[in-house]
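J.: Following is a predicted model, sequence given first.
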Amino acid sequence: MVSSTKRKNRQEDLPVQPVSLELTPISQITVPDSQVRDIPAERHEALVKSLSEQGSNLIPLIVRLTDHDDSEQQYEIVRGADWYQVAKEAEIKELWAWIYEMTDEQAKIAVAEIEQLTQPPVVETPDFEHLMQQLEVSFDKKVDSLTKKIDQSIKNRCRNGVSFGYDLGVCHGCQ
């Protein structure tokens, strides 16, 4: 187990410091317009299932403190708006959230980095036409190789006196 001193030293090296991890009332969270979007049906179903089975989110939201002292909404979502939207629909009152103090610029950088880290790896697959070209080349090479072997075998048999349809004394296999 990592000692609290080592953990504290590592946290001090981070450019953005989390304030805390808390079970946060969703009534205190606001979602920026830039993060409101339609959730794909498959993702929506997965979130509904997880929230209903667990009673809360297994992956904490990332929120930042707002400067709106007069507002009930103390936090703004940086990442996890889909969890928030589904939880609100399901009338879940609290979600786990990592709370940070961060500037607009730090929030943009965090979102970009999280998106990069959470993207599935891109596996390049050759297109169908390219695969067909490779198959054709491979097939042609194999046919050429087999044709040469057959020709050689026929020539060897002719030399050994094995007849392949002699007509007027000429071996048809050796022509």
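T.: Everything's here; your move.
J.: now for the host helix or strand of A46, which elements pack on it?
T.: For A46, the host element (DSSP states H and E) is helix 41-54. Applying 3 or more CB pairs under 8 Å, 6 or more residues apart in numbering; DSSP states H and E, we find helix 41-54 packed against helix 81-89. All C-beta atoms are positioned from the backbone trio N, CA, C, and that covers glycine.
J.: And for the helix it packs on, what's in contact with it?
T.: The contact list for helix 81-89 (CB atoms under 8 Å, 6 or more residues apart in numbering) reads 26, 29, 31, 35-37, 39, 43-44, 47-48, 51, 57, 59, 61, 77, 95.
J.: Do a quick rundown of the helices in the protein.
T.: 4-13, 41-54, 81-89, 104-118, 128-159 (DSSP state H).
J.: Determine which stretch of those helices is the most buried.
T.: Highest mean neighbour count among the helices of the chain (mean count of other CB atoms under 10 Å): helix 81-89, with a mean of 20.
J.: what angle sits between it and helix 41-54?
T.: 60 degrees (axes from the mean of the first three to the mean of the last three CA atoms, to 10 degrees).
J.: to the chain's geometric centre, what's the distance from stretch 53-73?
T.: Distance of stretch 53-73 from the chain centroid (CA atoms, centre = their mean, to the nearest Å) equals 26 Å.
J.: worst-scoring helix or strand of this structure, pLDDT-wise?
T.: Every helix and strand of the chain was ranked by mean pLDDT, DSSP states H and E. The lowest is helix 4-13, at a mean of 53.
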